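A.B. asks: Just to be clear, the model below is a prediction. Sequence and coordinates:
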Amino acid sequence: MIVIAAVVAFGAVGGGVAYAIWTARPENSAWFEMGVDNDNASLKYQIFVPIDAEGNRVAGAHDVSESMGYARGNYVLSDHSTPIVSLALVGWEGGISLDYVVIPDTAKVIIDGEERELPVTKVMVDSDYRDYYFRGNSVLTSIYFGRNVTYVAKGVFAAMERLSKTYVLGDGEDEKIVFEKDSFLACPRWDGITSEQGREYEIGE
């Protein structure tokens, strides 16, 4: 019997690493979630893409042929010559399951069949994932930005009617996080950014 596994791991807000394993069983085409020790339930709904040293997505696409969804699917490269240095968050598959997002410091993903652990450094808009944009979400109320995130693109979290709390994780030793102008445009309940440990951030004008 052939078993295909996809593994995702993250550093929890309070420390430690958790693993979620999904296995495919061809004889009944069912997907089973096993071995979950998940302090960050939002992780399994976050859609990441690999990015290069210039901050651009490395060419490729998610393989969702097994109906895993983008957040759990393998990313198949079409460009093998560009070095992958980190990950960007480009979408959300949470629906009404959760009302918060904790963007991890690092994530383990399967890229072209190889397990990689990479820092999550950006949140950006990618038109290939337009059906999974955060913009316009009416469920999420809070977002936590991991200590490796240094850039949030314009309009990513715009028009989110229930979003009120945003937190920058990390301290004064971590690199500053830059939010482009209008990252939170037209969010009527949003009350700004909180940096509880003194990490610097900048909001574009």
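C.D. replies: All right, it came through fine. Residues are numbered from 1 along each chain as shown.
A.B. asks: how about stretch 120-139: buried residues?
C.D. replies: 120-126, 129, 132-134, 137, 139 (16 or more other C-beta atoms under 10 Å). Where C-beta positions appear, they are placed from N, C-alpha and C, glycine not excepted.
A.B. asks: now do stretch 178-193
C.D. replies: Result for stretch 178-193 [16+ other C-beta under 10 Å]: buried residues 178-180, 183-184, 187, 190, 193.
A.B. asks: a markdown table please, covering the buried residues of stretch 120-139 and showing secondary structure and distance to residue 56.
C.D. replies: Shown next, in a markdown table, are the buried residues of stretch 120-139 (DSSP: H, G, I helix; E, B strand; the rest coil; distance: C-beta to C-beta, whole Å):
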| residue | secondary structure | distance to residue 56 |
| --- | --- | --- |
| 120 | strand | 16 |
| 121 | strand | 12 |
| 122 | strand | 10 |
| 123 | strand | 14 |
| 124 | coil | 9 |
| 125 | coil | 13 |
| 126 | coil | 10 |
| 129 | helix | 15 |
| 132 | helix | 19 |
| 133 | coil | 19 |
| 134 | coil | 20 |
| 137 | coil | 25 |
| 139 | coil | 30 |
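A.B. asks: Out of the residues you listed, which is nearest to residue 69?
C.D. replies: residue 132 (9.4 Å; C-beta to C-beta).
A.B. asks: What sits closest to the closest one if chain neighbours are left out?
C.D. replies: residue 91 (3.1 Å; C-beta to C-beta, 6 or more residues apart in numbering).
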